[in-house]
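Enquirer: give me a model of this one.
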Amino acid sequence: MKPKRSSTSAQSSTRLAGANRLRIIGGQWRGTKLQFPDHAAIRPTPDRVRETLFNWLQHDIVGARCLDLFAGSGSLGLEALSRGAQSVVFVDREPIIGRYLRDTLTRLKCTHDEVLTMDALSYLPQIKQPFQGVFLDPPFAAAESSDLLSQLLQQLDAPGRMTSNAWIYLECPSTLGSPTNWAYWPAHWQVHRSEQAGQVGYHLARRASAP
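Expert: Numbers count the residues shown, from 1 in each chain. This next block holds a predicted model:
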């Protein structure tokens, strides 16, 4: 679930005229505009942040099995599918978001996806096939308490949930600083890129080896 926060210049760049809309930036669906529900749980990743992220990933996204946790608008998972990801599992506990994502994927004629309406921490123990990439964008209010992030990272790092060299994208309040300074950050996860856009800190890490 993704609660609203005050607008920033980065966030405003995502929304087009006629709020609650976003566009896919690259790949086969480049330029496609999507309208998501007017719901407090949805906080799309800004256009320029997504563009930076997928420039970082470059060809790593092609053929990857990905997880979009706290999917919201689906902006990250949809961008990944557009750019050649093998498949994406979208997870969000809000039913209205689940319906929107299913309708959107049907409209795009996408068959390499799965939409699950459930809590993120409840889903993680059910993973049966490890992911090569994870988009992690938890609610900011919960992330600031550190408890949620600590549980998420521990659960994701459990055996069988990610490949040994998986990459992890994390979006969180910029006030938390670099993940490498967090007491609960896995020592074998290496942060490759970190940037800030307004109140948003965004980081790309790689799981260097099994714990």
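Enquirer: next, name the residue at the spatial heart of the protein.
Expert: Centroid-nearest residue in the chain: residue 135, 3.0 Å away (criterion: CA atoms, centre = their mean).
Enquirer: isn't that residue right up against residue 81?
Expert: No. The criterion here is CB atoms under 8 Å, and residue 135 misses it with residue 81 at 11.6 Å. (C-beta placed from N, C-alpha, C; glycine too.)
Enquirer: make sure residue 73 is indeed in a helix.
Expert: No. Counting by DSSP: H, G, I helix; E, B strand; the rest coil, residue 73 is located in no helix; its state is coil.
Enquirer: and the helices in this structure?
Expert: For the chain, applying DSSP state H gives helices covering 9-12, 47-57, 75-82, 95-107, 120-123, 140-143, 147-156.
Enquirer: now do the same for the first one: mean pLDDT, whole number.
Expert: Which is helix 9-12. Averaged over helix 9-12, pLDDT sits at 36.
Enquirer: next: the fifth one.
Expert: Across helix 120-123, the average pLDDT comes to 95.
Enquirer: that older thread, rank the helices of the chain by pLDDT, which is bottom?
Expert: For those, mean pLDDT drops lowest on helix 9-12, to a mean of 36.
Enquirer: re the thing from before, closest to residue 165 out of the helices of the chain?
Expert: Distance to residue 165, taken as CB to CB, is lowest for helix 47-57 among the helices of the chain, at 13.2 Å.
Enquirer: quick one: low-confidence parts of the chain?
Expert: For the chain, the stretches flagged by pLDDT under 70 are 1-18, 41, 144-145, 209-211.
Enquirer: could you pull out the strands in it for me?
Expert: All strands of the chain, identified by DSSP state E, fall at 21-23, 33-35, 65-69, 87-92, 113-117, 131-136, 162-173, 189-197, 200-207.
Enquirer: which strands or helices does the longest one pack on?
Expert: The helices and strands touching strand 162-173, judged by 3 or more CB pairs under 8 Å, 6 or more residues apart in numbering; DSSP states H and E, are helix 47-57, strand 131-136, helix 140-143, helix 147-156, strand 200-207.
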